[in-house]
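J.: A structural model of the following input is requested.
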Amino acid sequence: MLLGAKPLKPEQSKNFSAGLTWKGAAGFSGSLDFYHIKLSDRFSTSAAFAVPAGTPNPLRYSSVSYFTNDFDTTTRGVDLVGSHLSRLGDGKLNLTAAYNYNTTKVDSGSTSLATNAAQRTIFEERLPRQKATFSATYDIAQWNLLGRVRHYGAWTDSTGNANGDIFQRFGAIQFLDLAASFKVKAMHTLRFGIDNVLNKYPDEATFQASRGLIYSRNAPYDTDGRNLYVEYKVKF
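T.: Below is the predicted model of the structure:
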């Protein structure tokens with residue numbers, strides 16, 4: 001065992017959440033939830049330790065590190081959902097809007113993640129703080145029609161560049177999805193749709209071409225453009 005390494009132990013969490021739901025007249029309903037999550041003894045890797053001169057080192061390692069669970073984080077957020085159900089013609093129209101805002105902060109610790117400013121920035125900002133969706137579904141006879149807009153807020157990733165700028169900020173982006181389902185039988189449903197109808201792509205990832213990448217592999221959404229699919233579902 002490396003000097004200073006400690007046996008791994010389970011992570012611990014303390015969660016606090018509060019929420020409310022409501023249902024009003026004319027088909028309106030919704031929910032509001034707040035959460036506060038404190039995680040301690042989280043897993044990560046230690047800072048790198050140089051291999052001392054004179055140490056047997058047949059593979060010529062310049063430094064070593066080890067797994068440890070010595071850093072703490074706090075996550076706070078809010079979820080807001082609202083919907084409206086109404087009759088439209090011979091069918092039912094359901095409109096739903098959902099919004100999430102959350103932040104995660106590294107509180108303390110002695111690992112490289114807690115003490116290295118670059119790694120800490122990536123950990124805290126690699127996911128969008130804001131996400132939202134707006135969807136409309138229409139049910140009529142054996143058909144279900146869906147239209148949905150997805151919104152992802154800005155996020156940060158490592159550029160992979162050893163010199164100069166080591167962060168790349170990706171801006172907010174929105175996607176449009178469309179789908180239709182047809183109930184063939186009581187237990188059989190055929191669904192076909194298009195995700196990312198407008199064929200949108202995020203910004204290209206700087207300094208990633210050497211890895212054969214155009215877009216960041218850490219993106220919180222699909223980076224392959226428009227996607228067409230067909231599904232046949234059977235319930236048992």
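
J.: what is the subsequent helix or strand relative to the helix or strand of the chain with the lowest mean pLDDT?
T.: Least confident element among the helices and strands of the chain, by mean pLDDT, DSSP states H and E: helix 112-115 (a mean of 70). Going down the chain from helix 112-115, the next helix or strand is helix 117-125, by DSSP states H and E.

J.: tell me the buried residues in that following helix?
T.: Burial within helix 117-125, assessed by neighbour count using 16 or more other CB atoms under 10 Å, is assigned to Gln119, Arg120, Ile122, Phe123, Glu124, Glu125. Glycine gets a C-beta too; all of them are placed from N, C-alpha and C.

J.: sticking with the residue located most distally from the centre of the chain, tell me its helix or strand.
T.: Each residue of the chain has a distance to the centre, and by CA atoms, centre = their mean the biggest one is for Gly54: 45.7 Å. Gly54 is located outside every helix and strand, with elements delineated by DSSP H and E.

J.: now the end-to-end length of stretch 182-198.
T.: 24 Å (CA to CA, to the nearest Å).

J.: so how far is that stretch from its chain's centroid?
T.: The chain centre lies 25 Å from the centre of stretch 182-198; the measure is CA atoms, centre = their mean, to the nearest Å.

J.: now swap in stretch 145-154 and tell me
T.: 14 Å.

J.: now what about it, what contacts it?
T.: 128-139, 169-181, 193, 220-221 (CB atoms under 8 Å, 6 or more residues apart in numbering).

J.: next: stretch 20-37.
T.: Against stretch 20-37 from outside (CB under 8 Å, 6+ apart): 13-19, 74-86.

J.: which of these are buried?
T.: Among these, those classed as buried by neighbour count (16+ other CB under 10 Å) are Gly77, Asp79, Val81, Gly82, Ser83, His84.

J.: neighbouring strands for the one helix or strand the second one maps to, and are they parallel or not?
T.: Under the criterion DSSP H and E, the helix or strand holding Asp79 is strand 71-88. Under the criterion DSSP bridges, strand 71-88 sits next to strand 28-40 (antiparallel), strand 91-109 (antiparallel) in its sheet.

J.: reformat these as a markdown table; add mean pLDDT, mean neighbour count and distance to Trp155.
T.: Below are those laid out as a markdown table (pLDDT from 0 to 100; neighbours: other CB atoms under 10 Å; distance: least, CB to CB, whole Å):
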| stretch | mean pLDDT | mean neighbour count | distance to Trp155 |
| --- | --- | --- | --- |
| strand 28-40 | 96 | 15 | 20 |
| strand 91-109 | 94 | 16 | 12 |
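
J.: in TSV: these, plus distance to His151.
T.: As requested, the strands paired with strand 71-88 are exported to TSV (distance: least, CB to CB, whole Å):
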stretch	distance to His151
strand 28-40	18
strand 91-109	9
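
J.: of all these, which one is nearest Ser65?
T.: Ser65 lies closest to strand 91-109 among the strands paired with strand 71-88, at 14.3 Å (CB to CB).

J.: where are the low-confidence patches of this structure?
T.: 1-6, 47, 112-113, 160-165, 209-210 (pLDDT under 70).

J.: now with 90, please.
T.: 1-9, 11, 25-26, 40-72, 106-123, 157-168, 185-186, 205-214, 216-218, 235-236 (pLDDT under 90).

J.: now the terminal residues of stretch 44-55, how far apart.
T.: Terminal residues of stretch 44-55 lie 26 Å apart, using CA to CA.

J.: for the nearest residue to Gly77 once chain neighbours are set aside, which residues are in contact?
T.: Distances taken as CB to CB, 6 or more residues apart in numbering put Asn102 closest to Gly77, at 2.9 Å, once the chain neighbours are dropped. Contacts for Asn102 (CB under 8 Å, 6+ apart) come out as Thr75, Arg76, Gly77, Val78, Arg129.
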